[in-house]
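> sequence-free structure coming up:
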């Protein structure tokens, strides 16, 4: 669960990025976060990952109160979150298998579990035959699927997808959101930041629109037909 | 931490050396050159110190004994001189021996001049070496005050010059070594920082998936340590060849030998263990700390 209570963020430059935001995303929710550049979407994600601290208010993520969380406990928080970035952020010197397995090694998982879990998750994103490939040998869509597998492998409570379709072919964007949807159906909370309004209209669901650091709109809308959108 | 995780981290450190081979090679070269510069300077300093100490050991005072004091009084005097705290050795040099040696050193023409001389004009002497050459003047005065001593000739001026040379040399070499260490640390720190900077994205990703700082640092630590140890090994070999080359020049060239005395230079075999330990420890510590400290700068994500 993610909860923001009267959260404000003012950067040292004096810019107010978020102004008294109140937001609650329950376990198992799927929500799109939309808004123009500089609206505060990235600040929202940075707060959830405890990359920055709120100037005012309280942020609760997966049972952690981030205002009171010590630096040394940040890895424990991040292990409950899977993150998918626009630029994939795969380690170029590791194969697909190693990139995904890395997350489990970080949490000191048993070698036997790693050997069984990693191929399973790679197969979930349809990349069984690419397990030994390096990220540079893959297309944008494939790299993003590896990033998804990496986010999934630790069975996190929450997946944050920050513009996951920004760097890939528009046709493949639907596949990525489909994958996120199916992950959500298994019980994982998904928060997807995007500025692709077509995609949001097509899938529908909960839409959180941030504008000038405030929540301008937070409602559930119905999705259009897939064939019509394409 | 599980054994499998420890194996993984060590393995990652070793793999990183090959994956980032250009930066690893740069670090290797910088650590190698730094160790060579500092190591050679230290070895030169140690040997210069030894050479000067050797010359000091050879410088002695000549104590002239009064004529015809008899053997008992001479032995008593020898005892008194030996009892002086700064005296290292006392050797009796008889007038007959001195006369014989002096004639041997003369040319035939010079010897002709003394052929018809009835008496040996030289006195009995003691040759006295001291422990601390800077105290030579005081020791000479102490000996001069003893009964049956006629006069003392000591190279006090030479001793003062030697002490001054030694002190100045030590100050210069200490400054040179200290400056070299500072310069080397700056260069090494910049090289490792560049090496880590190239992988800051990798560190960033590790942080996002929940890796602890220790987990991220260990492979960097291992990588730096291994590169440092390899650089130390190479530095050791190069030092050995260079040192033995110079040592053999001194050993084979008699004129240089007579000036410095090859006995006063340490053969490399005598210092091998100390140099090996110093190089390996320095290489490992510089490499490991340099890389892991540089990595720490990118951990604040």
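All right, it came through fine. Nothing here was measured: the structure is a model prediction, and the numbers come from that model. Numbering: from 1, shown residues only, chains lettered A, B, ... in the order given.
> SS state for residue B:128?
Three-state call for residue B:128 (DSSP: H, G, I helix; E, B strand; the rest coil): strand.
> ok, it to residue B:90 distance?
Remark: distance between residue B:128 and residue B:90 (CB to CB, to the nearest Å) = 5 Å. The C-beta positions use only the backbone N, C-alpha and C, and glycine is treated the same way.
> Please say which of those two ends up with more neighbours.
Using other CB atoms under 10 Å in any protein chain shown, the more surrounded residue of residue B:128 and residue B:90 is residue B:128, with 25 against 21.
> so how far is chain A from that one?
Going from residue B:128 to chain A by CB to the nearest CB, to the nearest Å gives 70 Å.
> That residue touches residue B:92, doesn't it?
No. When contacts are counted by CB atoms under 8 Å, residue B:128 is not listed as touching residue B:92 (10.5 Å).
> now the helices: where do they sit in the stretch 1-150 of chain B?
B:3-19, B:21-58, B:70-83, B:95-105, B:108-114, B:136-144 (DSSP state H, counting those that start in this stretch).
> between the ones you listed, which gets nearest to chain A?
helix B:3-19 (4.5 Å; CB to the nearest CB).
> helices or strands next to that closest one in the packing?
helix B:21-58, helix B:213-252 (3 or more CB pairs under 8 Å, 6 or more residues apart in numbering or on different chains; DSSP states H and E).
> could I get those as CSV with mean pLDDT and distance to residue A:141?
As requested, the helices and strands packed on helix B:3-19 are exported to CSV (pLDDT from 0 to 100; distance: least, CB to CB, whole Å):
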stretch, mean pLDDT, distance to residue A:141
helix B:21-58, 84, 31
helix B:213-252, 89, 29
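> just how off-centre is the helix or strand containing residue A:22 within its chain?
Applying DSSP states H and E as the criterion places residue A:22 in strand A:16-25. Centre-to-centre, strand A:16-25 and its host chain are 18 Å apart (CA atoms, centre = their mean, to the nearest Å).
> Give me the residues contacting that strand.
Identification of contacts with strand A:16-25 by CB atoms under 8 Å, 6 or more residues apart in numbering or on different chains yields A:1-11, A:31, A:40, A:43-44, A:47, A:54, A:56-57, A:189, A:191, A:208, A:212-215, A:218.
> Now restrict these to buried residues only.
A:2, A:4-5, A:7-9, A:31, A:40, A:43-44, A:47, A:54, A:57, A:189, A:191, A:208, A:213, A:215 (16 or more other CB atoms under 10 Å in any protein chain shown).
> returning to what we had before: make a markdown table out of the helices of the stretch 1-150 of chain B and add mean neighbour count.
Output for the helices of the stretch 1-150 of chain B, formatted as a markdown table (neighbours: other CB atoms under 10 Å in any protein chain shown):
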| stretch | mean neighbour count |
| --- | --- |
| helix B:3-19 | 16 |
| helix B:21-58 | 18 |
| helix B:70-83 | 14 |
| helix B:95-105 | 13 |
| helix B:108-114 | 10 |
| helix B:136-144 | 19 |
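> Just give the nearest non-adjacent residue to residue B:91, would you?
residue B:127 (4.5 Å; CB to CB, 6 or more residues apart in numbering or on different chains).
> picking up where we left off before, give the pairing partners of the strand holding residue A:22; include direction for each.
strand A:2-10 (antiparallel) (DSSP bridges).
> quick check: mean pLDDT across the strand it pairs with?
If you average the pLDDT over strand A:2-10, you get 95.
> what sits up against it?
Under CB under 8 Å, 6+ apart, the answer for strand A:2-10 is A:16-25, A:40, A:43-44, A:47-48, A:52, A:54-62, A:158, A:189, A:191, A:213.
> from the middle of its chain, how far away would that strand be?
Averaging C-alpha positions (CA atoms, centre = their mean) puts strand A:2-10 18 Å from its chain's average.
> secondary structure element for the spatially most central residue of chain A?
The centre of chain A sits closest to residue A:160, judged by CA atoms, centre = their mean, with a distance of 1.5 Å. Applying DSSP H and E as the criterion places residue A:160 in strand A:158-162.
> quick one: that strand to strand A:16-25, angle?
Counting by axes from the mean of the first three to the mean of the last three CA atoms, to 10 degrees, strand A:158-162 lies at 140 degrees to strand A:16-25.
> strand partners of strand A:158-162, parallel vs antiparallel please.
strand A:81-84 (parallel), strand A:189-193 (parallel).
> Check which helices and strands the helix or strand that comes right after the strand holding residue A:22 sits against.
As assigned by DSSP H and E, the chain's next helix or strand after strand A:16-25 is strand A:30-34. Using 3+ CB pairs under 8 Å, 6+ apart as the contact test, the elements touching strand A:30-34 are helix A:41-48, helix A:170-185, strand A:189-193, helix A:197-203, strand A:205-211.
> would you turn the ones you listed into a markdown table with mean pLDDT?
Below are the helices and strands packed on strand A:30-34 laid out as a markdown table (pLDDT from 0 to 100):
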| stretch | mean pLDDT |
| --- | --- |
| helix A:41-48 | 93 |
| helix A:170-185 | 88 |
| strand A:189-193 | 95 |
| helix A:197-203 | 89 |
| strand A:205-211 | 93 |
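> Deepest-packed of those, please.
strand A:189-193 (a mean of 24; mean count of other CB atoms under 10 Å in any protein chain shown).
> between it and strand A:30-34, how big is the angle?
20 degrees.
> ok, residues contacting strand A:189-193?
Counting by CB under 8 Å, 6+ apart, A:1-2, A:25-34, A:41-42, A:44-45, A:48, A:157-164, A:177, A:180-181, A:183-184 sit against strand A:189-193.
> Likewise for stretch B:98-118?
For stretch B:98-118, using CB under 8 Å, 6+ apart, the contacting residues are B:120, B:122, B:125.
> Ok, stretch B:202-213 next?
Counting by CB under 8 Å, 6+ apart, A:49, A:75-79, A:83, A:89-91, A:93, A:102-103, A:106-107, A:150, A:154, B:196, B:215-216, B:295-296, B:298-299, B:301 sit against stretch B:202-213.
> among those, which are in helices?
A:75-78, A:102-103, A:106, A:150, B:196, B:215-216, B:295-296 (DSSP state H).
> Checking the closest residue to chain A within chain B next. Helix, strand or coil?
Closest approach between chain B and chain A, counting by CB to the nearest CB: residue B:210, at 3.7 Å. Look at residue B:210: counting by three-state DSSP, its state is coil.
> Near chain A, which residues of chain B? Just list them.
B:1-2, B:4-5, B:8, B:16, B:19, B:201-202, B:204-212, B:215, B:301 (CB under 8 Å from any CB of the partner chain).
> between the helices of the stretch 1-150 of chain B, which gets nearest to residue A:142?
helix B:3-19 (21.8 Å; CB to CB).
> Next, give phi and psi for the closest residue to residue B:69 other than its chain neighbours.
Using CB to CB, 6+ apart and skipping the chain neighbours, the partner closest in space to residue B:69 is residue B:148 (5.0 Å). Phi and psi for residue B:148, reported as degrees, to the nearest 10, are phi 70, psi 0.
> Could you tell me which residues make contact with residue B:148?
B:65, B:66, B:69, B:73, B:74, B:77.
> could you dump those to JSON lines with pLDDT?
Below are these laid out as JSON lines (pLDDT from 0 to 100):
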{"residue": "B:65", "pLDDT": "90"}
{"residue": "B:66", "pLDDT": "86"}
{"residue": "B:69", "pLDDT": "83"}
{"residue": "B:73", "pLDDT": "89"}
{"residue": "B:74", "pLDDT": "88"}
{"residue": "B:77", "pLDDT": "90"}
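> Would you mind identifying the helix or strand in chain A with the lowest mean pLDDT?
helix A:226-229 (a mean of 46; mean pLDDT, DSSP states H and E).
> remind me which residues of the chain are low pLDDT?
Since no chain was named, I'll use chain A. For chain A, the stretches with pLDDT under 70 are A:225-230.
> let's do chain B instead
Filtered on pLDDT under 70, chain B yields the residue ranges B:1, B:58, B:115-118, B:254-263, B:300-301.
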